[in-house]
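**Q** Let's see this in three dimensions:
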Amino acid sequence: MLSAIAFPDFDPVALQIGPLALRWYALAYIFGVVLGWRYAVALNRRVPGGPTEEQLGDFASWAILGILIGGRLGSVLFYNLPYYLENPLEVLAVWKGGMSFHGGLAGIVAAILLYARSQGFSPFALGDLVAAAGPIGLFLGRIANFVNGELWGRPTDVPWAVVFPDPRAGGVPRHPSQLYEAFLEGIVLFVVLWLLARRPEIRARHGYIAGCFLIGYGLSRIVVEFFREPDAQLGYLAGVVTMGQLLSLPMVLAGIWMAARSRPATA
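**A** Numbers count the residues shown, from 1 in each chain. The predicted structure is shown next:
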């Protein structure tokens, strides 16, 4: 306990105006979408056969809906279905938390497919842009998880262990797994995809960057899950893996398929 780092005295509310409270987690979503959109617009100027800047702006609202609806439904279906079956109205109580990345990913994939079809261009071209920008939102979201003192890691005695204030954390030093995820899913993945996107021959292969995103995120999540505390209501599935690892494995396989099948847009 003496070697652990005390959790910083963060206020999860960034701005309070009367009864209205703007939380850091909400700001992470807002800035993640805005910054990701602007980065995708800048990147799209160098990508052949993709959507226009106006189409990317229109797609932003589709992306927000896909993330929110998919993220919420994913949390309900993957992580606590028995509870929500007994309390169906709680599905709407999004202010109490409960969002799943894998559900949000499914939601944004659906949005990409529907929007690209309505506009008549390749969903893989749009998917590459969304994937390249995705780590921005992931980084901000994981930092918000840390600020909220949620999704903490397993007990440990490493020098950088943190004692989280949540009583469910037991008052013991734990891995700051949110920061591990912010580093791998946010910074490392962003840099890798940025380096790939700089190469014209890669940008021309629609679906390649999106495939690399799926591989990179999936592997990062599988690794970090070894340091992250499993969800209390689920624990270890079959006594071996976590739900996060189970959901990430298909991502890696899908990413390998997407990268392998990608072809230059002019071919």
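
**Q** residues touching the closest residue to Val241 other than its chain neighbours, list them.
**A** Nearest non-adjacent residue to Val241, counting by Cβ to Cβ, 6 or more residues apart in numbering: Glu225, 7.9 Å away. C-beta here means a position set from N, CA and C on the backbone, and glycine is covered the same way. Listed by Cβ atoms under 8 Å, 6 or more residues apart in numbering, the contact set of Glu225 reads 241-242, 244-245, 248.

**Q** Nearest to Gly216 among these?
**A** Proximity of those to Gly216 (Cβ to Cβ) peaks at Ser248, which lies at 10.8 Å.

**Q** what does whichever strand or helix holds Leu179 rub up against?
**A** Using DSSP states H and E, the secondary-structure element containing Leu179 is helix 177-181. Around helix 177-181, the neighbours that count as contacts under Cβ under 8 Å, 6+ apart are 138, 142-143, 145-146, 150-154, 220-221, 224, 227-229.

**Q** Which elements pack onto the helix or strand that that helix is followed by?
**A** Helices and strands here follow DSSP H and E; after helix 177-181, the next one along the chain is helix 189-197. The contact analysis (3 or more Cβ pairs under 8 Å, 6 or more residues apart in numbering; DSSP states H and E) places helix 189-197 against helix 123-147, helix 208-224.

**Q** Helix 189-197 to helix 208-224, inter-axis angle?
**A** Helix 189-197 runs at 150 degrees relative to helix 208-224, counting by axes from the mean of the first three to the mean of the last three Cα atoms, to 10 degrees.

**Q** and the nearest residue to Glu90 once chain neighbours are set aside, how far is that from Leu22?
**A** Distances taken as Cβ to Cβ, 6+ apart put Tyr84 closest to Glu90, at 5.9 Å, once the chain neighbours are dropped. Tyr84 sits 26 Å away from Leu22, taking Cβ to Cβ, to the nearest Å as the criterion.

**Q** So for the two, which residue has more residues nearby?
**A** More crowded of Tyr84 and Leu22, by other Cβ atoms under 10 Å: Tyr84, with 17 against 13.

**Q** Could you pull out the buried residues of the host helix or strand of that one?
**A** For Tyr84, the host element (DSSP H and E) is helix 81-86. Applying a neighbour-count criterion of 16 or more other Cβ atoms under 10 Å, the buried positions in helix 81-86 are Tyr84.

**Q** so for that helix, what's the average pLDDT?
**A** Averaged across helix 81-86, pLDDT comes to 83.

**Q** what about it, distance to the chain center?
**A** 24 Å (Cα atoms, centre = their mean, to the nearest Å).
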